[in-house]
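# I would like to see how this sequence folds:
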Amino acid sequence: MVVTGDDHQRLGANAEHWVRWQNNRAFMRMSEGHCAALEIKPSANGLQFVCAIYEQRPQTCRDLARGSPQCHADWSTKADHAQPS
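The predicted model follows:
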């Protein structure tokens, strides 16, 4: 996911922990096939997905409305591929 200048500024002092650079473009770091900020935890109902940087998340994540059809589709895709650690 592309990280804009505004996103990078919003991430603050921890930006370099969450962002990787490729040439002059910034992207969210990936870990095990998903955004490194996505924490996947087992729960009583299966898996729980939590953003570790929710208040500082990039605009692309902000534009994906929680509970929207697009959100549920993305969640289903990740749930099918995620393995809790």
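# in what helix or strand does residue 73 lie?
helix 69-81 (DSSP states H and E).
# which ones are touching the residue nearest the centre of the chain?
Centroid check for the chain by C-alpha atoms, centre = their mean gives residue 35 as the closest residue, at 4.2 Å. Residue 35 is in contact with 1, 28, 29, counting by C-beta atoms under 8 Å, 6 or more residues apart in numbering. Where C-beta positions appear, they are placed from N, C-alpha and C, glycine not excepted.
# Of those residues, which is the most crowded?
Counting neighbours by other C-beta atoms under 10 Å, residue 28 comes out on top of the contacts of residue 35 with 23 neighbours.
# how close does that one get to residue 63?
14 Å (C-beta to C-beta, to the nearest Å).
# Kindly report the same for residue 30.
Residue 30 sits 19 Å away from residue 63, going by C-beta to C-beta.
# Compare those two and say which is more crowded by neighbours.
Remark: of residue 30 and residue 63, residue 30 carries more neighbours, 12 against 9, as counted by other C-beta under 10 Å.
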